[in-house]
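# predicted model follows, preceded by the sequence.
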Amino acid sequence: MTKGLTFICLGNEHWDCGNPSPLIEIMHELSRDNTVLYVENQYSISDIFDSIKGKREVPVRKILNLDKRLRAQQSRTGSNVYILTPPPVLPLNKIRDKEIYKKLLAFNARILETELRKSIHFLNLSDIIFISGANPDYGLALLKKFNDSLNVYYTFEGSDEEESHEHTLLEKEYIEATDVVITNTEVLYNKIRSIKDATFLIRNGVRFEDFYKRSMSIQKSESITVGSIGIIDKDFDINTAIYLIENLKDINFVFSGKVLDNTIIKKLESYPNFSHIGIRKRDEFADLLSSFDIGIILNKGDSHPPLEVGLNEYLSAGKSVIAFNYSFIKDYKDVVRFCSSKEEMLKSIKEELILDSKEKKEKRYERARGNSWERKADIFQTIVKDYIDKKLYSKA
């Protein structure tokens, strides 16, 4: 991995949010040997008032600079990352006129640019690699404002950002103007690749060491647990869930995740061997998954990338994984049991409880290790460094 690069990342969420985006995961890894300044999402004046009214949680003291906006914080890897909480900006989500929207966006961007220049000067940053993380509006408005050596748009599915109504229009403009685009799904890659040649796919990774180490230390329980982590919504296959629970009465089924359809949970909670433990932060997943004997994925839809993230977490914990035949994870046939029916899934669970082995676990560990965020960061940095070299060569 190349050392000594400087990254400024324009994010759209807290650095310490419960379920960090791919951008934050990559920056944790790159901070080992590089300088990282992460700019948290841009809160509006109305967000501050909502916080005062108790409608949402907002870091008001940092936004108003009552607490330091710019601070150093230890990353997951033990290295320092600089975090900047910007000043408040004007709310734009309800602006419908395109020209007014762009003028107000430019006004907001000047506020952000001024604060960023202060931080750049204070930290004495140079040769900046500017990354806009799923934030094309501000990415476009701040394009080339900091004499950056490379401008990167990192866009990803599976994030919770609030998109403006002009998102698609401004995104296309930004894609055409930026140097490099990196995304995390084939769908986004194919869409953007038709607009820009310099587009790359880096699938989501996994915090391998967290899951691996925890799976090595946990004591095996006498009871058997089949676990599932994910959103309970219209894509959740309740018929298969009920079939498995009814036919495996001596096995505990523990599900975790956001519930968007309460009728599903009410039906499942009528069974004594089922429990739903609510939402867990990603930092808590290692302990939870290590308590499972088998992981199952019960989505009817191909909701990539969240399914692939969960899959790699199961594999990092060495767990047998049983899932339906999702198109995007066909590459995992050697470490995952794929099923086409609820009957086949029941049979697979029974067989895995008997036939699982140390050799199978090692194979799962090895596969997940190759999908770690550390490996993904290596790929990310290689792409960035190659394009910096290309730009320098073209100017020579």
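Alright, I've got the coordinates.

# pLDDT weak spots in the stretch 101-250 of the chain?
Residues of the stretch 101-250 of the chain that meet the criterion pLDDT under 70 lie in 158-169.

# quick one, strands of it?
Applying DSSP state E, counting those that start in this stretch to the stretch 101-250 of the chain gives strands spanning 128-133, 150-155, 180-183, 199-201, 225-229.

# the fourth one pairs with which strands, and in what direction?
Strand 199-201 has the following strand partners under DSSP bridges: strand 180-183 (parallel).

# distance of Tyr174 from Asn135?
Relative to Asn135, Tyr174 is positioned 9 Å away (CB to CB, to the nearest Å). The way it works is simple: take the backbone N, C-alpha and C, and place the C-beta from them, glycine included.

# next: Asp261.
31 Å.

# between the two, who's got more neighbours?
Shown here are Asp261 and Asn135; by other CB atoms under 10 Å, Asn135 has more neighbours (29 against 15).

# which residue is the nearest non-sequential neighbour of the more buried one?
Once flanking residues are discounted, Asn135 sits nearest to Asn12: 4.9 Å by CB to CB, 6 or more residues apart in numbering.

# run a quick neighbour tally on that neighbour.
By other CB under 10 Å, the residues close to Asn12 number 21.

# am I right that it is in a strand?
No. Counting by DSSP: H, G, I helix; E, B strand; the rest coil, one finds Asn12 to be coil, located in no strand.

# where in the stretch 251-396 of the chain is pLDDT low?
301-306, 328-329, 393-396.

# including mean neighbour count and distance to Gly278, could the strands of the stretch 101-250 of the chain go into JSON lines?
As requested, those are arranged in JSON lines below (neighbours: other CB atoms under 10 Å; distance: least, CB to CB, whole Å):
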{"stretch": "strand 128-133", "mean neighbour count": "26", "distance to Gly278": "28"}
{"stretch": "strand 150-155", "mean neighbour count": "25", "distance to Gly278": "30"}
{"stretch": "strand 180-183", "mean neighbour count": "24", "distance to Gly278": "31"}
{"stretch": "strand 199-201", "mean neighbour count": "18", "distance to Gly278": "33"}
{"stretch": "strand 225-229", "mean neighbour count": "21", "distance to Gly278": "11"}
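
# tell me, how many residues neighbour Lys118?
Applying other CB under 10 Å, I find that Lys118 has 13 neighbouring residues.

# contact partners for it?
Leu70 (CB atoms under 8 Å, 6 or more residues apart in numbering).

# how near is it to Asn65?
Distance from Lys118 to Asn65, counting by CB to CB: 11 Å.

# same check, this time on Asn299
On the measure of CB to CB, Asn299 and Asn65 end up 44 Å apart.

# quick one: which of these two has more around it?
Asn299 (21 against 12).

# verify the stated contact: the more buried one with Leu311.
No. Here Asn299 does not reach Leu311: they are 11.1 Å apart, not a contact under CB atoms under 8 Å.

# tell me the domain boundaries of this structure?
Per automatic domain parsing, the structural domains of the chain span 6-205+373-395, 208-369.

# just how off-centre is the longest one within its chain?
This means domain 6-205+373-395. 14 Å (CA atoms, centre = their mean, to the nearest Å).

# residues touching Phe122, list them.
The contact partners of Phe122, taken as CB under 8 Å, 6+ apart, are Leu70.

# and the residue nearest to Leu140 when sequence neighbours are not counted, how far from Lys68?
Leaving aside its chain neighbours, Leu140 sits nearest to Tyr174 (4.1 Å; criterion: CB to CB, 6+ apart). Here Tyr174 is placed at a distance of 30 Å from Lys68 (CB to CB).

# likewise for Thr6?
Taken as CB to CB, the span from Thr6 to Lys68 is 21 Å.

# who has more neighbours, those two?
More neighbours surround Thr6 than the other of Thr6 and Lys68, with 19 against 12 (other CB under 10 Å).

# for the residue lying closest to the more buried one once chain neighbours are set aside, give me phi and psi.
Excluding the flanking residues, the one nearest Thr6 by CB to CB, 6+ apart is Thr35, at 4.6 Å. Here is the backbone geometry of Thr35 (degrees, to the nearest 10): phi -90, psi 130.
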